[in-house]
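Sequence first, then the predicted structure, then my questions.
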Amino acid sequence: MSFGFLLLAFAAAVNPCRTSLALLRSPAVLALGSLVALAAGAALAAAGSVLLETLDVSPESFRLAAGLVLVLEGVRALVLPRPADEPELPGLGAALVPVAFPLLLQPGVVVLALAAGADDVAGEAIGALAVALILVALAGIRPIGARGEALFTAGGRVLGALEIAAGAALAVEAIRDV
Amino acid sequence: MRRLLVPHVAVFVLGAAALRVAVVPAEVCPPLDSGAARVALTEAAGWLERGLRPGGLYTYGYYREEDAVSDDYNITRHAGVMMGLYRLAAETGDEDALAAGDHGLRFLRANLVRREGWAAFAEPGQEARIGASALAVAALVHRRLATGDRGYDGLVRALSSFLVAQQLPDGRVLGYWSPQTGEPLPGMYAKFGTGEALWALALVNRAFPGEGWDRPARRLAGYVATRRDDVEGYYLTFPDHWAAYALAELGPELLGEREIAYARELAGAFGLVSRLESQGGEDGLRRLFRGEPASGAGLGSIGEGLAALWRLSGADPRLADLSDDLGERLRCTAARTVERQVGAAEAARLPRPELARGAWFSEDGYTQMDDQRHALAALLATLPLLERIE
């Protein structure tokens, strides 16, 4: 998995356009939530190899599973371009729920981080996830009007399609790998 | 807080459980050493060697539950058994295997269709299948390696000429020849025959260098590497262990970039089926989601393909990066093959132990000569890997 692929895949999985439609517009909460998500993603990537070995799953087989998850998540983004409103913890706790989880730490992000870790590209994965989360923060930091919302809804669908493509590419690579 | 998280955590947990059960179950690879592999392949050879029948035939199949020997026969598999026995003799000096191979040679010599310039292995009045003649060539080349006897070189050349006579100018080989028309059947391909013919031509080229066998071999290799899957109707790369044998036999000097690219695709196909097989099991959710475990022939042919490509990856630097992964899959497949073999103690409890010992049975209690033949070849080819690991 190259850095370029991971960047596209993580950007599609966190889907800044779709996610920002449900984000709180507080810079502090957003920044803290992104950091929490990045730390969790980094931990998953670092543990990917050991975890899959413990589960007796080869990296190639797990890539197939990760591809499947990305495809399903991409389909969800196409069909449901706006996330449901989530209940939130008070104050800075909102950085944890709902910003870090469930809005940023989507299943696709989790499996992608694990797959990258098992593929010995944890560093690249963390870098790519960081860039994707910066995009989320940039997209979510300012209030958006009706036009912005329509634009982000369309953008969410485009990123959903990109996530499907990334998932399919990952699955095909897994099928072709030894 | 709990109320907020429960639905999302539930999605994660249930999703992870579904993935674990249906998509990525544990890949189970038992331990295996070269000693255990040698015992298993000796037992497999013993099943074939005990099955000598009048007229140069071998025992074809056995139904364990009914205690019945199959009346069927298949001459392509007959040639495959001969090849396996001669190969064992060539690589280990096993005299019993050589004698059992020579037993089958009587049937081969009695069932030859001869035309001007070629001979085919086919029963009287039957269509000549290209695979039977190709495996007969492979058998005789391995007999030559085992004994040094050149007495059948003429027959090897005649059978190989039949393969070339079936080849079209673009490299394709037609799978059948009709005794009624005296011509190949147009547009008919044999599922494994194409790869078998390629391997036979590669072997003959190595046995008789300078005679020009490399030309049809390379033409056929190019076809297999670039067009076979489309022409013969495979949507994904067909995991053809015979093609893998052929690529290994042709070696780096005769393989161009397109054949190397195909070898990579083939390695991926065998890697995938090996991983899927190691996720399966005889009962429970593994049985439900992965279906019936592979037969001895299925396991063996995966091992044969992996072993041939592993050997090639050690010889050709263009494939060196695949060597470790191929070795890992091969060791796992061989270990699962050994684990599923019927041992002497289990066989002793059955009505006819001699027809069960050393065999691999499918779920319905049936074993066939090619179960033992493929598994034997795979285990034989895994020995160098196991010895290297040890």
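Received, thanks. Residues are numbered from 1 along each chain as shown, chains lettered A, B, ... in the order given.

Give me the pLDDT value at the residue most central in space within chain B.
By CA atoms, centre = their mean, chain B has its centre lying nearest to B:S301, at 3.8 Å. For B:S301, the pLDDT comes out at 97.

what's the burial count for the closest residue in space to it that isn't next to it in sequence?
Of all residues not flanking B:S301 in the chain, B:H241 sits nearest, at 4.5 Å (CB to CB, 6 or more residues apart in numbering or on different chains). C-beta: built from backbone N, CA, C; applies to glycine. Neighbourhood size, B:H241 [other CB atoms under 10 Å in any protein chain shown]: 26.

Quick check: the gap between B:H241 and chain A.
As for B:H241, its distance to chain A is 15 Å (criterion: CB to the nearest CB, to the nearest Å).

what does the model give that residue for pLDDT?
97.

same thing with B:R2?
63.

mean confidence for the helix or strand hosting B:A146?
Using DSSP states H and E, B:A146 sits within helix B:130-147. Helix B:130-147 shows a mean pLDDT of 98.

For it, what is the distance to the chain centroid?
14 Å (CA atoms, centre = their mean, to the nearest Å).

quick revisit: just list the residues touching the residue nearest to B:S301, thanks.
For B:H241, the contacting residues are B:G195, B:F270, B:S301, B:I302, B:E304, B:G305, B:A308, by CB atoms under 8 Å, 6 or more residues apart in numbering or on different chains.

Figure out the helix or strand that the residue nearest to the centre of chain B lives in.
helix B:296-315.

what does the stretch 201-350 of chain B put close to chain A?
B:236, B:265, B:267-268, B:270-272, B:275, B:279, B:322, B:325-326, B:329 (CB under 8 Å from any CB of the partner chain).

could those residues go into JSON lines alongside neighbour count and pLDDT?
Shown next, in JSON lines, are those (neighbours: other CB atoms under 10 Å in any protein chain shown; pLDDT from 0 to 100):
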{"residue": "B:L236", "neighbour count": "12", "pLDDT": "88"}
{"residue": "B:E265", "neighbour count": "16", "pLDDT": "95"}
{"residue": "B:A267", "neighbour count": "30", "pLDDT": "97"}
{"residue": "B:G268", "neighbour count": "23", "pLDDT": "96"}
{"residue": "B:F270", "neighbour count": "30", "pLDDT": "97"}
{"residue": "B:G271", "neighbour count": "29", "pLDDT": "96"}
{"residue": "B:L272", "neighbour count": "22", "pLDDT": "95"}
{"residue": "B:R275", "neighbour count": "22", "pLDDT": "95"}
{"residue": "B:Q279", "neighbour count": "20", "pLDDT": "94"}
{"residue": "B:L322", "neighbour count": "23", "pLDDT": "97"}
{"residue": "B:D325", "neighbour count": "21", "pLDDT": "96"}
{"residue": "B:L326", "neighbour count": "26", "pLDDT": "97"}
{"residue": "B:R329", "neighbour count": "32", "pLDDT": "97"}
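
TSV please, covering the residues you listed and showing distance to B:P209 and secondary structure.
What follows is those, written out as TSV (distance: CB to CB, whole Å; DSSP: H, G, I helix; E, B strand; the rest coil):
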residue	distance to B:P209	secondary structure
B:L236	35	coil
B:E265	29	helix
B:A267	28	helix
B:G268	32	helix
B:F270	29	helix
B:G271	33	helix
B:L272	36	helix
B:R275	39	helix
B:Q279	44	coil
B:L322	28	helix
B:D325	33	helix
B:L326	28	helix
B:R329	33	helix
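
Tell me the one among those residues nearest to B:G15.
Checking these against B:G15 by CB to CB gives B:Q279 as the nearest, at 18.4 Å.

which non-adjacent residue is nearest the closest one?
B:P25 (4.4 Å).

so who does the one you found touch?
Applying CB under 8 Å, 6+ apart, we find B:P25 in contact with B:Q279, B:L285, B:R286, B:F289, B:R290.

Isn't the first one up against B:A22?
Same thing as B:Q279. No: proximity of B:Q279 to B:A22 does not meet the contact threshold set by CB atoms under 8 Å, at 10.1 Å.

Which positions in the lowest-mean-pLDDT helix or strand in chain A come out as buried?
Ranked by mean pLDDT, DSSP states H and E, the weakest helix or strand in chain A is helix A:16-20, scoring a mean of 91. Using 16 or more other CB atoms under 10 Å in any protein chain shown as the test for burial, helix A:16-20 gives A:P16, A:C17, A:R18, A:T19, A:S20.
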